[in-house]
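Undergrad: Build me a structure from this.
(one chain, ligands or ions: 1)
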Amino acid sequence: MSTLVLDKASRWFGNVVAVNDVSLTIGPGVTGLLGPNGAGKTTLMAMMAGFLAPSSGHVTLDGRPVWRNTDTYRHVGLVPERELSFGYLTGRQFVRANADLHGLADPGAATERILAVVDMVEPAGRRLDTYSKGMRQRVKIAAALVHDPSVLLLDEPFNGVDPRQRMHLMDLLRRLGDEGRTVLFSSHILEEVERLARHIEVVVSGRHAASGDFGAIRRLMTDRPVQYAVRSSDDRALAAVLIAQPSVQAVSLGSDGLDVQVADLGSFAVGLPGWARDHDLSVYELSPSDESLESVFAYLVAR
Ligand SMILES: Nc1ncnc2c1ncn2[C@@H]1O[C@H](COP(=O)(O)OP(=O)(O)OP(=O)(O)O)[C@@H](O)[C@H]1O
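TA: Next up is the predicted model:
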């Protein structure tokens, strides 16, 4: 069982601050690292894996610094987002090369064992450039696990993977977490993280924005002010009804409907049909007008 701790860790590249004063603890089980593109997820993982020095602060694994500590590589496996560039190797040769690099006592046996774990024994004799995206991900995971590390870090492992293979990969990560490994995967998709992670860490613009189980993160994201576009049988009459609701902060009447600013997304969406019905009005359309993940994250950061 292993625990990774970041203590006020920052990393900058010239003027760009990729990771800004982040403190968090990642323990056994599956944790999701959620954040929009450019949030600093890759940089965080590279620091956790001992591939990048923090510019300030500390990253430790079970109390020992990971940077400049070769022991780290025995305990951590990293599955990078970038594609495999050795398409001419077979899956087996690729995993075996990693087993050899780790200097394992019996690299052949370790290779076969881990190919079975990721369910890639049968296609292991084929070249990597003939694999589907999901198969390439599984081989990358096998390569990262061949030395049996207690920590597995995966950068956007589900990107571009079809839904069936995604389920397969999720099962695999769940199993690895249940075995007591510390599994951290990054994603910019809340639903993906919710389905798999017991615990979620949210990063935005290099900062640690939130932390908790998916219920807590989901609540943070729904209990926030949002803008809705509403079209109804009588927009002016509906505007008068809505402005009387405590959860509605502002209503403006435009040529193609209402723009409604609400204090909390959950109660407005639940209440609207009833309020309209009570006044013999029909709602034709209700759509959030700023539902981008970036706006959700911006709210989390500004809290
Ligand atoms: N080697 C580098 N040199 C300069 N800037 C960098 C470097 N690596 C990362 N950055 C910058 O740091 C910020 C965070 O990048 P990072 O790749 O860690 O984010 P991310 O959350 O993984 O995003 P993505 O999902 O798009 O990869 C970005 O602004 C990026 O441009």
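
Undergrad: Output the set of residues of the chain in proximity to the ligand.
TA: 13, 16, 18, 35, 37, 38, 39, 40, 41, 42, 43 (Cβ under 6 Å from any ligand atom). Where you see a C-beta, it was placed from the backbone N, CA and C, and this is true even at glycine.

Undergrad: And for the second one, the neighbour number?
TA: Read that as residue 16. Residue 16 has 11 neighbours, counted by other Cβ atoms under 10 Å.

Undergrad: That one bridge partners, please.
TA: Assessed by DSSP bridges, residue 16 has beta-bridge partners residue 13.

Undergrad: So it versus residue 49, what's the distance?
TA: 20 Å (Cβ to Cβ, to the nearest Å).

Undergrad: Tell me which residues of the host helix or strand of residue 184 come out buried.
TA: Taking DSSP states H and E as the definition, one finds residue 184 inside strand 182-187. Neighbour-count burial for strand 182-187, with 16 or more other Cβ atoms under 10 Å as criterion, is recorded at 182, 183, 184, 185, 186, 187.

Undergrad: Wait, the last one touches residue 37, no?
TA: By that I understand residue 187. No. Counting by Cβ atoms under 8 Å, residue 187 stays clear of residue 37, with 10.9 Å between them.

Undergrad: Where do the helices of the stretch 1-150 of the chain begin and end?
TA: All helices of the stretch 1-150 of the chain, identified by DSSP state H, counting those that start in this stretch, fall at 41-48, 71-75, 91-101, 107-117, 133-145.

Undergrad: count of neighbours near residue 171?
TA: So residue 171, with other Cβ under 10 Å, has 12 neighbours.

Undergrad: now for the host helix or strand of it, which elements pack on it?
TA: Residue 171 is located in helix 163-178, with elements delineated by DSSP H and E. Applying 3 or more Cβ pairs under 8 Å, 6 or more residues apart in numbering; DSSP states H and E, we find helix 163-178 packed against strand 29-34, helix 133-145, strand 151-154, strand 182-187, helix 190-196.

Undergrad: which other residues reach the first one?
TA: Put plainly, it is strand 29-34. By Cβ atoms under 8 Å, 6 or more residues apart in numbering, the list of residues contacting strand 29-34 from outside reads 41, 44-45, 173-174, 176-178, 182-188, 190, 192-194, 196-203, 217.

Undergrad: Per-residue confidence, residue 17, what does it come out as?
TA: With respect to pLDDT, residue 17 scores 94.

Undergrad: I figured it hits residue 43, correct?
TA: No. Residue 17 is beyond contact range of residue 43, at 9.9 Å (criterion: Cβ under 8 Å).

Undergrad: Residue 66 touches residue 60, doesn't it?
TA: Yes. Residue 66 lies in contact with residue 60 (Cβ under 8 Å); the separation is 6.6 Å.

Undergrad: any common contacting residues for these two?
TA: residue 4.

Undergrad: what's around residue 251, how many residues?
TA: 20.

Undergrad: What residues does the residue in the stretch 201-303 of the chain positioned nearest to the ligand make contact with?
TA: The stretch 201-303 of the chain approaches the ligand most closely through residue 206 (6.5 Å), counting by Cβ to the nearest ligand atom. The contact partners of residue 206, by Cβ under 8 Å, 6+ apart, come to 17, 18, 19, 20, 22, 39, 40, 43.

Undergrad: And these, which two are furthest apart?
TA: The distance between the two most remote of the contacts of residue 206 (Cβ to Cβ) is 11.8 Å, for 17 and 39.

Undergrad: Could you pull up the residues touching the residue positioned nearest the centre of the chain?
TA: With distances taken as Cα atoms, centre = their mean, the chain has residue 187 as the residue nearest its mean C-alpha position (2.5 Å). By Cβ under 8 Å, 6+ apart, the contact set of residue 187 is 32, 33, 34, 156, 158, 193.
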